[in-house]
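> this is a predicted model, with the sequence first.
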Amino acid sequence: MYKLTWCLRHSRPVFGRNSVSNNPGSRHQLSNFSLTAKKPVQIVEVGPRDGLQTERPLPVEDRTELIRRLVLDAGLHKVEVGSFVSEKRVPQMAQTEQVIARLQATLSTSVQKHVTFPVLVPNEKHLERALNAGCQDFAVFVSSTEGFSQRNLGCSVSESLEKVDTIFRRLEQEPNRDAFSVRGYVSCIFMCPFDGDVSPAHVRQVASALLEMGCYEVSLGDTLGMGTPAHVRRLLDELFGHETRTAGKYAVHFHDTYGMAVANILCAIEEYDICVVDSSVGGLGGCPFAPGSTGNVATEDVLYLLQGLERAERGVDLMKLTNIGAWINAKFGRETRSKAALALLRKQRSDEG
Ligand SMILES: CC(C)(COP(=O)([O-])OP(=O)([O-])OC[C@H]1O[C@@H](n2cnc3c(N)ncnc32)[C@H](O)[C@@H]1OP(=O)([O-])[O-])[C@@H](O)C(=O)NCCC(=O)NCCSC(=O)C[C@@](C)(O)CC(=O)[O-]
């Protein structure tokens, strides 16, 4: 059977034509280009996974169409397309195989070569499903706290790290093992719905374990969306104070429950040189196992910020994203949750008369 090479070759994120790698080595390339220009910030779109996992389940056609629009219309370069998890626990992510098959059948080879489509995998059993579907870019996820780990994964933090290790060992057995990439998430970086406040040192231990195992990057998840820039500084001071690794090893993943996500992102990118930000079109999202969590920060709000700072990746279209966010939220009978998108839509209506 023809098996499409799905997101082949990257051991680190793919960037569009005009952007720079988040490989620390690329700083030199950048300084040749301009002494003052800052690196563009890469957006990792998580709407089709983190966003949809708490909504009424959508049919495969709609999930695929969302991803196609995000890539082909809005110009995003990295889109998390779904999860291989228990269908019983997260029915919204059932049929991720079919979503991937449709994308493989309908996206051009060139798009598949230039865009990265990671999928979430919790353990070896579900990794097999993802491998059979032809996936090569994976995201693993571990909580920094025991309470959330038990609710989310049904095991302790150390057991979940062992499962990640098993994933790496399984990938090592593949003949084309260099083609695979694994991104890590740490959830509950500031606050856990079950265990309360989280110590930055604790997050550092889990993040370091993921990097040691081979994750090319760790995305720091404020699952409850309760953090402020003070929390961000405490955590990033801890992470960067204890190791020589650069900011290029970390991404930020903020939910916007308390409306602090954009302030937190500004702090992470301007003060700590973080260059990868996760977000969700139209502010979709939440976590089914974290009571009180709401949507991820909206991609439109992040892009509006980055454009203002002249740090957006080229080719990503804010108005197209706005329309996609409105379209997908309308499927759930509501307006987009992005403030920037709401303002743009109002302006568009008033300009049209
Ligand atoms: C991890 C798997 C796949 C393991 O599930 P599995 O691989 O299907 O394991 P299993 O079927 O072999 O189950 C083994 C036993 O453990 C039980 N079990 C299994 N899971 C649980 C659980 N959670 N709670 C309690 N018990 C559980 C299960 O019921 C079974 O017991 P038995 O029936 O044999 O007596 C499953 O738990 C699962 O699908 N969990 C959902 C994971 C998920 O998708 N969570 C949301 C994404 S994470 C997230 O949103 C955070 C992130 C990444 O976005 C960043 C951020 O915002 O912070």
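Received it, and whenever you're ready, just let me know what you need. Residues are numbered from 1 along each chain as shown.
> in space, what's closest to V276 - neighbours in sequence excluded?
A251 (3.6 Å; CB to CB, 6 or more residues apart in numbering). C-beta coordinates here come from the backbone N, C-alpha and C atoms, glycine included.
> ok, R89 next?
P288 (7.5 Å).
> contacting residues around that neighbour?
Going by CB atoms under 8 Å, 6 or more residues apart in numbering, P288 touches 53-54, 89-90.
> can you map out the strands along the chain?
42-45, 82-83, 119-120, 137-143, 181-187, 191-192, 196-197, 217-222, 250-254, 276-279 (DSSP state E).
> what residues does the stretch 51-200 of the chain have near the ligand?
53, 83, 85-86, 89-90, 122-123, 125-126, 141, 152-154, 185, 187 (CB under 6 Å from any ligand atom).
> count of neighbours near H202?
As a burial measure, H202 scores 17 neighbours (other CB atoms under 10 Å).
> how close does it sit to the ligand?
To the ligand, H202 is 14 Å away according to CB to the nearest ligand atom, to the nearest Å.
> kindly report the same for L306.
21 Å.
> need the max-distance pair from the residues of the stretch 51-200 of the chain next to the ligand.
The span of these, defined through CB to CB, is set by K125 and S187 at 20.4 Å.
> isn't L161 up against A207?
No - with contact defined as CB atoms under 8 Å, L161 does not count as touching A207 (11.1 Å).
> on that earlier part again, hey, what's the residue nearest to V276 bridged with?
S219 (DSSP bridges).
> list the contacts for it?
By CB under 8 Å, 6+ apart, the contact list for A251 reads 44, 183, 217-220, 274, 276-278.
> ranking by neighbours, what's the top pick from those residues?
Highest neighbour count within the contacts of A251, by other CB under 10 Å: D278, with 29 neighbours.
> check that one and give its pLDDT.
D278 is assigned 98 on the pLDDT scale.
> so it sits right up against Y250, yeah?
No - counting by CB under 8 Å, Y250 is not a contact partner of D278; they are 11.3 Å apart.
> who touches both of the two?
In contact with both D278 and Y250: S219, using CB under 8 Å, 6+ apart.
> E335 contacts A326, doesn't it?
Yes - between E335 and A326 a contact is recorded at 7.2 Å, counting by CB under 8 Å.
> who has more neighbours, those two?
The neighbour count for E335 versus A326, taken as other CB under 10 Å, is higher for A326 (20 against 13).
> and for the more buried one, nearest residue in space, chain neighbours not counted?
T336 (4.8 Å).
> who touches that neighbour in this structure?
Residues in contact with T336 (CB under 8 Å, 6+ apart) are 282-283, 298, 300, 322, 325-326, 329, 342, 345.
> ditto for C267
C267 is in contact with 229, 232-233, counting by CB under 8 Å, 6+ apart.
> now with 6 Å?
Applying CB atoms under 6 Å, 6 or more residues apart in numbering, we find C267 in contact with 229, 232.
> how about the helices in this protein?
26-33, 60-68, 96-106, 109-114, 124-132, 146-153, 157-172, 200-213, 229-241, 261-272, 299-308, 318-330, 339-351 (DSSP state H).
> any chance of those in TSV, plus mean pLDDT?
Converted to TSV, the helices of the chain look like this (pLDDT from 0 to 100):
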stretch	mean pLDDT
helix 26-33	37
helix 60-68	98
helix 96-106	97
helix 109-114	93
helix 124-132	98
helix 146-153	97
helix 157-172	98
helix 200-213	96
helix 229-241	95
helix 261-272	97
helix 299-308	98
helix 318-330	98
helix 339-351	96
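> and these: which comes nearest C192?
helix 146-153 (5.1 Å).
> for that closest one, which helices and strands make contact with it?
helix 157-172 (3 or more CB pairs under 6 Å, 6 or more residues apart in numbering; DSSP states H and E).
> what's the helix it packs on in contact with?
Contacts of helix 157-172 (CB under 6 Å, 6+ apart): 123-124, 127, 140, 142, 146, 149, 153, 177, 180, 209, 213-214.
> show me the two of the contacts of P288 that sit farthest apart.
Within these (distances taken as CB to CB), the two that end up farthest apart are T54 and R89, at 12.2 Å.
> looking at these two, which one has more neighbours?
It is T54, of T54 and R89, that has more neighbours when counted by other CB under 10 Å, with 18 against 13.
> so the more buried one sits right up against F289, yeah?
No - the criterion here is CB atoms under 6 Å, and T54 misses it with F289 at 9.8 Å.
> and A37, what's its pLDDT?
Note on A37: pLDDT of 74.
> give me the neighbour count for it.
12.
> neighbours around R311, how many?
R311 has 16 neighbouring residues, counting by other CB under 10 Å.
> that one contacts V41, correct?
Yes - between R311 and V41 there is a contact at 5.0 Å, judged by CB under 6 Å.
> for the nearest residue to L220 once chain neighbours are set aside, give me the pLDDT.
Leaving aside its sequence neighbours, L220 sits nearest to I189 (CB to CB, 6+ apart; 4.9 Å). At I189, the pLDDT value in this model is 98.
> just checking, I189 touches V203?
Yes - with contact defined as CB under 6 Å, I189 reaches V203; the gap is 5.0 Å.
> more neighbours, those two?
I189 (30 against 24).
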